[in-house]
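Engineer: fold the following for me, if possible:
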Amino acid sequence: EVKNSYIETEIQSTLIRYYALTLTSRTEKTVAYAGTTGMTSVQAAVDYTIAHKDACTLSEEVLVTLAEDVRENVTIPAEFNGTLNLNGYTLRGYTTALDCYGQVRICDEQPHADLTGKELAAHGKGTGTVTGSAPEYGGGIRVRSGGYAVLESGQISGCRAAANFSNNSYGGAAVCADSGTFELTGTGVIRDNKSRAGAAVYVRSGSSRFLMTGGEVTGNTADSTGVVYNNGGTVQITGGSIYGNKAQYAGAIYSNKTLRIAGGESPVQIYDNTASVQGGAIYQENGAVTLSNVVLHDNQVTGAKTADVTVAAGGAIYQYYGKMTIGDGTMIYGNRAVRGGAIYQRGGSTSNRPNNSIRMLGGLITKNKAQMGGGVAQYPEGVASFQLVRGGVYDNRSTLSGAGNDFYSRYEGTKENYGPDSSDILPGVT
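Structural biologist: Predicted coordinates:
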């Protein structure tokens, strides 16, 4: 009996050890690599590269590579300067997926040839993706002061932010530049994200920046304003395409500070965006906007004509306040709205007139369509100026007789409607 009791105890002990080993094995499953070292979490891989930089440097870059789909929130510390390779897998945050204080290049590439290991050699079956849902800012990525995040390939998709707020003070479903810099380049894509404001990118004030040198912003929806929402920072676009996005105001870009769009060898493309109220592509609330070598085409405001003459306006551009310069290489065509097929100027009081202006130094505004002002329309009770220095505004169409094919204005008590073409230049347009 004593012997039997001893045997039974041994068996139980073996079973306990067996199950313990099984649990340990599951816990230590490799989900990411720091260089070639397997890690049980992406955060562990990021932290390991900081402590063991030389061991994690491959082909002259510090490298973290996903080995499977993973769900966790990851912080990129200020000490980190390296690459996160999505490797065909998905990083899904419980809230913000990547909170960035350091320097990170995000890509979706096959692993380096010198990496080893069964899991590392495997490549995910889908597009490498960052996704998440945040209560306030940045469901996918939030870039803090001193941080710099670059999406070079792969996508930020399926993100949500600020669902419970009734104003535009919060947002950035995919990305929030929060005193840091976010850059979209290469073949990176921001698609199918949703929030009240800044469904793709929300740029906060001060040193917050969004730089776009390539890539695409497409299929995003802002319940209120701006798929790209610039709330006091800087947006600079020199390449890439923004298309197929939707909002109530600013189907593509809202800005109240600094917006510069200047294409390089190829023009920036902004097209097929839709707003239901104002600004099919761009809504300028204030600040300065500079456009050159950019094509804005086939954007539209879908709202119907109402007694409020400031809505259903600005098929491509709606300017509320601020200064805008349109330069060489800018093509604005095929856009539609009830008022101002291409551009609508809202304007303000007489005292603000110098600050409510568009100066056209080059480019073309042509073949746009509206009921009133196929090319440019101005708010009848506002004060704004449109100065045509160089370039052309022609072959636009107003569907209402005498409502200005190219320009429509009732500025400073001048006659009620512009004539059928741009030959009737009155004080609002020079």
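
Engineer: was I right to think T274 contacts Y249?
Structural biologist: No: using CB atoms under 8 Å, T274 is not in contact with Y249, being 11.3 Å away. (Each C-beta comes from the backbone N, C-alpha and C, glycine too.)

Engineer: more neighbours: which of the two?
Structural biologist: Y249 (24 against 20; other CB atoms under 10 Å).

Engineer: ok, the more buried one to V62 distance?
Structural biologist: Going from Y249 to V62 by CB to CB, to the nearest Å gives 42 Å.

Engineer: show me what contacts the residue nearest to A250 when sequence neighbours are not counted?
Structural biologist: Once flanking residues are discounted, A250 sits nearest to Y283: 3.5 Å by CB to CB, 6 or more residues apart in numbering. Shown in contact with Y283 (CB atoms under 8 Å, 6 or more residues apart in numbering): 225-226, 249-250, 253-255, 275, 314, 317-318, 320.

Engineer: any stretches of the stretch 301-430 of the chain with poor pLDDT?
Structural biologist: 349-354, 410-430 (pLDDT under 70).

Engineer: returning to what we had before: from the contacts of Y283, which land in helices?
Structural biologist: With helices taken from DSSP state H, there is no overlap with those.

Engineer: same list (those) but as TSV, adding distance to V203.
Structural biologist: Shown next, in TSV, are the contacts of Y283 (distance: CB to CB, whole Å):
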residue	distance to V203
T225	13
G226	10
Y249	16
A250	13
I253	10
Y254	10
S255	9
A275	19
G314	21
I317	19
Y318	19
Y320	18
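
Engineer: nearest to F386 among those?
Structural biologist: Checking the contacts of Y283 against F386 with CB to CB, the nearest one is I317 at 11.3 Å.

Engineer: in the sheet, who's paired with the closest one?
Structural biologist: Going by DSSP bridges, I317 is paired in beta bridges with I282, I343.

Engineer: and what of V143?
Structural biologist: Under DSSP bridges, the beta-bridge partners of V143 are C100, A177.

Engineer: and the contacts of Y283, which of them are buried?
Structural biologist: 225-226, 249-250, 253-255, 275, 314, 317-318, 320 (16 or more other CB atoms under 10 Å).

Engineer: count the neighbours of the closest residue to T330 other than its chain neighbours for me.
Structural biologist: Closest residue to T330 apart from its sequence neighbours, by CB to CB, 6+ apart: G363 at 3.2 Å. Around G363 there are 22 other residues, counting by other CB under 10 Å.

Engineer: isn't G363 up against T325?
Structural biologist: No: contact criterion CB under 8 Å: G363 and T325 do not qualify, at 10.3 Å.

Engineer: identify the contacts common to these two.
Structural biologist: Listed contacts common to G363 and T325 are L291; contacts here mean CB under 8 Å, 6+ apart.

Engineer: now stretch 127-135: buried residues?
Structural biologist: Buried, per 16+ other CB under 10 Å, within stretch 127-135: 127-134.

Engineer: strands - which of those land there?
Structural biologist: Taking DSSP state E, the ones among the buried residues of stretch 127-135 that sit in strands are 129-131, 133-134.

Engineer: any chance of the residues you listed in CSV, with pLDDT and distance to T90 too?
Structural biologist: As requested, those are exported to CSV (pLDDT from 0 to 100; distance: CB to CB, whole Å):
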residue, pLDDT, distance to T90
T129, 98, 4
V130, 98, 8
T131, 98, 6
S133, 97, 14
A134, 95, 17
